[in-house]
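Student: next input, structure requested:
(one chain, ligands or ions: 2)
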Amino acid sequence: LHAIARPKDLAGLHIAVTAGPTQEPLDPVRYLTNHSTGKMGYAVARAAAMRGADVTLIHGPTALPPVKFVEDVPITTAQDMYDAVTSRFDGMDVLVMAAAVADYRPATVADDKIKKKDGDLSIPVERTADILGTIGPKKTKQFLCGFSMETRDMLENSSAKLTKKNLDMVVANNLKVAGAGFGVDTNVVTFITPDGSRELPLMSKSDVADAILDEILKRRK
Ligand code: CTP
Ligand code: CA
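Tutor: Ligands and ions are numbered 1, 2, ... in the order given. I've put the predicted structure just below:
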């Protein structure tokens with residue numbers, strides 16, 4: 001009923017959403033990852049589909065049920081996500097990068113399980129490709145919305161990402177604010193755009209998703 005009641009104001013738009021963590025393997029049994037559960041990105045994908053968009057959801061490993069009426073693209077590593085996003089980029093009108101992409105991966109992946117030895121172990125890591133950092137400067141018609149999770153200097157750090165990656169909007173949140181961040185069903189976000197910033201009140205992730213899509217629709221016009 002909720003779905004039927006929504007205006008189909010995103011009909012005709014192809015919206016790609018990334019969500020969840022990436023997993024960067026170290027050996028056949030271990031990986032590097034982060035606390036992302038995918039809830040915020042899945043909420044955006046679900047809301048966009050209900051509002052009539054043609055949605056592709058590119059996501060790392062999550063425990064969430066698949067979103068109905070969206071193209072589902074499961075991936076594992078940051079490189080997989082880079083490939084999935086860049087290969088679809090030409091066909092996108094909007095990209096919402098809610099995924100928590102690993103910034104570093106183990107420099108080598110052992111073929112066999114690493115056995116423990118006496119003493120400590122150091123793991124050399126190397127940078128992954130920055131997906132938005134790569135496609136931002138090359139965008140044509142695409143509206144690019146990044147996310148930014150910070151524990152301090154949220155506005156300054158997130159504004160720098162807007163400029164550096166040539167984004168149209170950044171949805172920033174401070175991990176240290178109650179009701180925001182990993183795993184929970186609510187969020188407290190600030191929209192950062194080239195003309196300023198606007199903090200939204202504590203809202204459900206589903207309402208935040210609709211507010212993000214409202215803002216994108218307004219700014220694309
Ligand atoms: N992002 C990306 N590719 C990466 C890392 C991040 O496209 N390899 C995207 C994220 O999905 C997010 C935005 O860039 O939309 C900002 O991510 P964030 O981790 O907050 O910023 P970074 O630029 O990675 O900087 P740092 O982690 O040092 O704050
Ligand atoms: Ca990062």
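
Student: any idea of the mean pLDDT in the longest strand anywhere in the chain?
Tutor: Across the chain, the longest stretch assigned as strand under DSSP state E is strand 143-150. In this model, strand 143-150 has an average pLDDT of 97.

Student: moving C-terminal of it, what's the next helix or strand?
Tutor: For strand 143-150, the succeeding helix or strand toward the C-terminus, using DSSP states H and E, is helix 154-164.

Student: tilt between that next one and strand 143-150?
Tutor: Interaxial angle, helix 154-164 versus strand 143-150 (axes from the mean of the first three to the mean of the last three CA atoms, to 10 degrees): 150 degrees.

Student: for helix 154-164, packing partners?
Tutor: The contact analysis (3 or more CB pairs under 8 Å, 6 or more residues apart in numbering; DSSP states H and E) places helix 154-164 against strand 143-150, strand 169-174, strand 189-193. For every residue, glycine as well, the C-beta is placed using N, CA and C.

Student: buried ones in that helix?
Tutor: Under the neighbour-count criterion of 16 or more other CB atoms under 10 Å, helix 154-164 has 154-155, 158-159, 161-162 buried.

Student: swap in stretch 102-110?
Tutor: 102, 105-106.

Student: got the CA positions of that stretch in CSV?
Tutor: C-alpha atoms of stretch 102-110 as CSV (Å, rounded to 0.1, in the frame of the first residue of the first chain):
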residue,chain,number,x,y,z
ALA,A,102,37.9,-0.5,1.9
ASP,A,103,40.7,2.0,1.4
TYR,A,104,43.4,-0.7,1.7
ARG,A,105,43.7,-4.4,0.9
PRO,A,106,46.4,-6.9,1.8
ALA,A,107,49.2,-6.5,-0.7
THR,A,108,49.2,-10.2,-1.4
VAL,A,109,46.6,-12.9,-0.9
ALA,A,110,48.1,-16.2,0.4
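
Student: pLDDT of it, averaged?
Tutor: Across stretch 102-110, pLDDT averages out at 98.

Student: cool, and stretch 202-220?
Tutor: Over the span of stretch 202-220, the pLDDT mean works out to 97.

Student: among the buried residues of stretch 102-110, which ones are in helices?
Tutor: Using DSSP state H, no member of the buried residues of stretch 102-110 falls within helices.

Student: of those residues, which belong to strands?
Tutor: Residues of the buried residues of stretch 102-110 located in strands (DSSP E): 105-106.

Student: want to try CSV for the buried residues of stretch 102-110, with distance to residue 199 as columns?
Tutor: Output for the buried residues of stretch 102-110, formatted as CSV (distance: CB to CB, whole Å):
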residue, distance to residue 199
102, 28
105, 34
106, 38
